[in-house]
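> sequence unknown, structure follows:
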């Protein structure tokens, strides 16, 4: 029995999987440029997913499914296998008041990643509401410090100007 769900790579380079209870997850990465202090342009992959075709911001009433976590971890491992110096970001917004909870869950998922992959968690406050974000990258990335500084600055700029 597989530890994770069967992952399908779609023609648009997103991934899909179906859980045992029939939920369909679509996982995708959106590229965006990040310019560091030395004017280097880095491509960051913004990670997101939808369940059953939409972003639901309501209490999740289903039983915890460890295979979902393991599936997301497997997708991340595949990404870092293909692109050793990839940078991935994930944001937990607070439309429903559960951003902190999602952030805690995501931090636990990050603990399952290979040792050379680092997760840098941070939060910013925008209009009195906390927004959580994580940057995932290889600890061996030679531009790691520049990327982390640019990422932190970018988050603060967004929070202050949004």
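Happy to help now that I have it. All values reported here derive from a predicted model rather than from experimental measurement.

> need the contact list for the residue nearest to residue 129 when sequence neighbours are not counted.
Once flanking residues are discounted, residue 129 sits nearest to residue 94: 5.1 Å by C-beta to C-beta, 6 or more residues apart in numbering. C-betas here are computed from N, CA, C, even on glycine. For residue 94, the contact set (C-beta atoms under 8 Å, 6 or more residues apart in numbering) comprises 100, 129, 130, 131.

> where exactly do the strands run in the chain?
Taking DSSP state E to define them, one finds strands in the chain at 8-9, 15-18, 24-35, 41-51, 87-92, 117-126, 129-138.

> and of the ones you listed, who's closest to residue 73?
Across the strands of the chain, the minimum distance to residue 73, taken as C-beta to C-beta, is reached by strand 117-126, at 10.0 Å.

> now the closest one against strand 129-138, angle please.
With axes from the mean of the first three to the mean of the last three C-alpha atoms, to 10 degrees applied, the angle from strand 117-126 to strand 129-138 works out at 160 degrees.

> buried sites along strand 117-126?
By 16 or more other C-beta atoms under 10 Å, the buried positions in strand 117-126 come out as 117, 118, 119, 120, 121, 124, 126.

> can you tell me which of these is nearest residue 65?
residue 119 (21.5 Å).

> hmm, residue 139 and that closest one touching each other?
No - assessed by C-beta atoms under 8 Å, residue 119 is found out of contact with residue 139, at 10.2 Å.

> in CSV, list the strands of the chain along with distance to residue 149 and mean pLDDT.
Shown next, in CSV, are the strands of the chain (distance: least, C-beta to C-beta, whole Å; pLDDT from 0 to 100):
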stretch, distance to residue 149, mean pLDDT
strand 8-9, 33, 95
strand 15-18, 30, 97
strand 24-35, 10, 94
strand 41-51, 11, 92
strand 87-92, 13, 93
strand 117-126, 11, 92
strand 129-138, 11, 92
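
> residue nearest the centroid of the protein?
residue 90 (3.1 Å; C-alpha atoms, centre = their mean).
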